[in-house]
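Novice: Sequence first, then the predicted structure:
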Amino acid sequence: MPALQAHVLDVLEDSGARYVRFAWLDLGSCLRYKIFSVKHFKKILASARGGYAMTEAGLQAVFLSFAPGSSMIDEFVHRPDLSTLRLLPHADGDAIVLGDWLKQVDNGSGEIELQDAELCPRSHLRRVVESAKKAAGVDFLIGVETEFFLLKSTSPVEAANTHSYCCASATASGTIVARALREITNAMSDAGIEVEMLHSEGAPGQYEISTAPLPPMEAADALVYTREIIQDVASKHGLKATFAPRVFDDSLASGSHTHVSLKSDQPTPTASVEGAPGMTELEASWLQSLLTHLPAIIPFTMPTPASFDRMVDNLATGGTYAAWGKNNRMCPVRLCGTARDWNFEVKSVDGLSNPHLAFAAIIAAGMIGVKEGAKLEMKNCRDSPAELTEEQRVALGITTRLPLTLEESWERLKADKALVNELGEYFVERYLAVNKMWASLMTAPTPEETRRLYIENY
């Protein structure tokens, strides 16, 4: 028996856990799981396949509908990645684990081999990360600011409390909200997720939890667990937690700001970048390419029509122009940190994105330029791009506006052949099929009912 498997079995035995939530996040960003008894989970681990079978269409579902072109005939095997198993003391001691989707392939000798499925989000991210390492020796770290709303009611939509940014009353001791937040952060720590900071945001019932940077796969897995813990614990306390991008028209929206840093094990000279002393040529090349391909990754990072209710100019959500600026929250990419310790905050990401796919798209977009030796042509923007004249933007190299609708983002993705090649043509085709169906099913007769759909489901 492999050492990791033996360790996991010991953990389950010692903890007294009775059930394991075998989870996956599908292409429509719905967290799903099958709950197995620990006894049966052990049988799955001991089986020849080491996982259970499910229809290929399962990754391409939105509610009870399946994307056109998905197959109900072929099956994938869902095999647990035991390194992701975590205990959930807040949930009656259950455990949770993520896994990889594998396709069953006849090797020509009548035997079935298991290979990574093209549609598996975790395998997809793993491939992009490995490609970056192979091409340029690049390693990434990703940290996330998770914003969310706590509501006491969804019909009508009513915040759990009213406060302003970082207001002490937002976490007043003894309140239901304070108890829920304390249990959320404790549960995250119990799950091995390092919580760096919690604070109230500016909208009623809105909060943010920042987590420590991790390698991309671990960061994506941790974000899946972070969202699940937030919603699970909130429900325990009679509250609804939602990652819907916008809950109230007259207040702030929620995002999932993604901080990316990169280093190489290969020598990389320092670039000469105004406002960013010590930035390496690797970082500069990656930044330029990220901005070049930013319009095309929007379907992965802002995957719903509701996402565009948040992305507006002059509201510190990043705005609608492909630009970067040192400590500039009006740009979709904000340069953070200090000399020789920079990170890039990608603000065009929200809580409806699938973390594995969003991170894969962000990394791949930048790596195109690294592989091509792209030079940083865009200058440090010290203003809101939307407030500049066209001539001023051009002088800074700001020549591209981001998609203003989800439909436009689909076209920008399909037109970006370099990115499609990096992500895989078949994968992009199937993802867009799911994304289009998701958008149509999340449309109600009125804007208020549509927003409530997002609030109640995400």
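Specialist: Happy to help now that I have it. Only a predicted model underlies this, so the values are computations on that prediction, with no experimental measurement involved.
Novice: so where do the strands sit in the stretch 251-400 of the chain?
Specialist: 256-264, 324-326, 333-338, 341-346 (DSSP state E, counting those that start in this stretch).
Novice: Just the C-alphas of stretch 393-406, formatted as CSV.
Specialist: Coordinates of each C-alpha in stretch 393-406 appear next as CSV, following Å, rounded to 0.1, in the frame of the first residue of the first chain:
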residue,chain,number,x,y,z
ARG,A,393,-3.9,55.9,-23.4
VAL,A,394,-2.0,55.2,-26.7
ALA,A,395,1.1,57.0,-25.3
LEU,A,396,1.0,54.4,-22.4
GLY,A,397,0.5,51.5,-24.8
ILE,A,398,-3.1,51.0,-23.6
THR,A,399,-4.9,50.2,-26.9
THR,A,400,-7.3,47.3,-26.0
ARG,A,401,-10.6,47.4,-24.2
LEU,A,402,-11.8,44.3,-22.4
PRO,A,403,-15.0,42.6,-23.4
LEU,A,404,-18.1,44.4,-22.1
THR,A,405,-20.4,41.4,-22.3
LEU,A,406,-20.0,37.6,-21.9
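Novice: Show residues contacting it.
Specialist: With CB atoms under 8 Å, 6 or more residues apart in numbering as the test, stretch 393-406 has contacts from 291-292, 294-295, 298-299, 302-305, 307-308, 311, 320-323, 332, 348, 377-381, 385, 388, 409, 411-412, 435, 439. C-beta: built from backbone N, CA, C; applies to glycine.
Novice: now do 6 Å
Specialist: For stretch 393-406, the external contacting residues (CB atoms under 6 Å, 6 or more residues apart in numbering) are 295, 298, 305, 320-323, 377-379, 381, 385, 409, 412, 439.
Novice: Just among the residues you listed, which is most surrounded?
Specialist: residue 323 (32 neighbours; other CB atoms under 10 Å).
Novice: about what we covered before: filter the contacts of stretch 393-406 down to the ones in helices?
Specialist: Those of the contacts of stretch 393-406 mapping onto helices are 295, 298, 409, 412, 439, per DSSP state H.
Novice: Now distance to residue 457 too, for the residues you listed, in CSV please.
Specialist: Shown next, in CSV, are the ones in helices among the contacts of stretch 393-406 (distance: CB to CB, whole Å):
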residue, distance to residue 457
295, 27
298, 21
409, 21
412, 26
439, 13
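Novice: Kindly reformat the residues you listed as CSV containing distance to residue 58 and pLDDT.
Specialist: Below are those laid out as CSV (distance: CB to CB, whole Å; pLDDT from 0 to 100):
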residue, distance to residue 58, pLDDT
295, 31, 98
298, 26, 98
409, 25, 98
412, 29, 98
439, 20, 95
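Novice: what about the helices in the stretch 151-300 of the chain?
Specialist: Here the stretch 151-300 of the chain has its helices, by DSSP state H, counting those that start in this stretch, at 176-190, 216-236, 281-301.
Novice: Deepest in the core, which of those helices is it.
Specialist: Burial of the helices of the stretch 151-300 of the chain is given as mean neighbour count (mean count of other CB atoms under 10 Å); helix 281-301 ranks first at a mean of 25.
Novice: Among the contacts of stretch 393-406, which one lies nearest to residue 274?
Specialist: Checking the contacts of stretch 393-406 against residue 274 by CB to CB gives residue 379 as the nearest, at 6.4 Å.
Novice: so what's that closest one closest to, chain neighbours aside?
Specialist: Among residues not flanking residue 379 along the chain, residue 396 sits closest, at 4.5 Å (CB to CB, 6 or more residues apart in numbering).
Novice: since we're on residue 195, how many residues are nearby?
Specialist: Neighbour number of residue 195 under other CB under 10 Å is 16.
Novice: which among the ones in helices among the contacts of stretch 393-406 gets closest to residue 193?
Specialist: Closest to residue 193 out of these is residue 298 (27.1 Å), distances taken as CB to CB.
Novice: Report the contact partners of that closest one.
Specialist: 403, 409.
Novice: tell me the centre residue of this protein?
Specialist: In the chain, the C-alpha nearest the mean C-alpha coordinate belongs to residue 355, at 2.2 Å (CA atoms, centre = their mean).
Novice: Let me know the pLDDT of that residue.
Specialist: Looking at residue 355, its pLDDT is 98.
Novice: can you point me to the longest strand in the protein?
Specialist: Criterion DSSP state E: the longest strand present in the chain is strand 138-154.
Novice: residues in contact with it?
Specialist: Contact with strand 138-154 is made by 132, 158-160, 177, 201, 205-206, 208-211, 213, 216, 219, 223, 226, 230, 239-243, 247, 254-264, 455-456, as judged by CB under 6 Å, 6+ apart.
Novice: ok, now stretch 55-62?
Specialist: Applying CB under 6 Å, 6+ apart, the external contacts of stretch 55-62 come out as 26-28, 66-67, 70-72, 74-76, 119, 434, 437-438, 441.
Novice: Measure how far it is from the centre of its chain, please.
Specialist: With CA atoms, centre = their mean, to the nearest Å as the basis, stretch 55-62 stands 19 Å off its chain's centre.
Novice: Return the set of buried residues in stretch 53-67.
Specialist: By neighbour count with 16 or more other CB atoms under 10 Å, stretch 53-67 contains the buried residues 54-62, 65-67.
Novice: Could you list which of these belong to helices?
Specialist: Of those, none are assigned to helices by DSSP H.
Novice: which of those residues lies closest to residue 9?
Specialist: Proximity of the buried residues of stretch 53-67 to residue 9 (CB to CB) peaks at residue 54, which lies at 23.5 Å.
Novice: Over to the residue of the chain most remote from its centre. Which of the three states is it?
Specialist: The outermost residue of the chain relative to its centre, with distances by CA atoms, centre = their mean, is residue 109 at 40.1 Å. Put simply, residue 109 is coil when judged by DSSP: H, G, I helix; E, B strand; the rest coil.
Novice: Next one, pLDDT for it please.
Specialist: Reported pLDDT for residue 109: 75.
Novice: Use 55 as the first number from now on
Specialist: In the new count, where the first residue is 55, that last one comes out as residue 163.
Novice: picking that back up, quick one, which of the helices of the stretch 205-354 of the chain is nearest to residue 102?
Specialist: Among those, helix 270-290 comes nearest to residue 102, with 25.9 Å by CB to CB.
Novice: Show me what that closest one is packed up against.
Specialist: helix 175-190, strand 192-208, helix 230-244, strand 294-296, helix 409-426 (3 or more CB pairs under 6 Å, 6 or more residues apart in numbering; DSSP states H and E).
Novice: Residue 335: which of those is closest?
Specialist: With distances scored as CB to CB, the stretch of those nearest to residue 335 is helix 409-426 (9.4 Å).
Novice: Okay then, goodbye and thanks.
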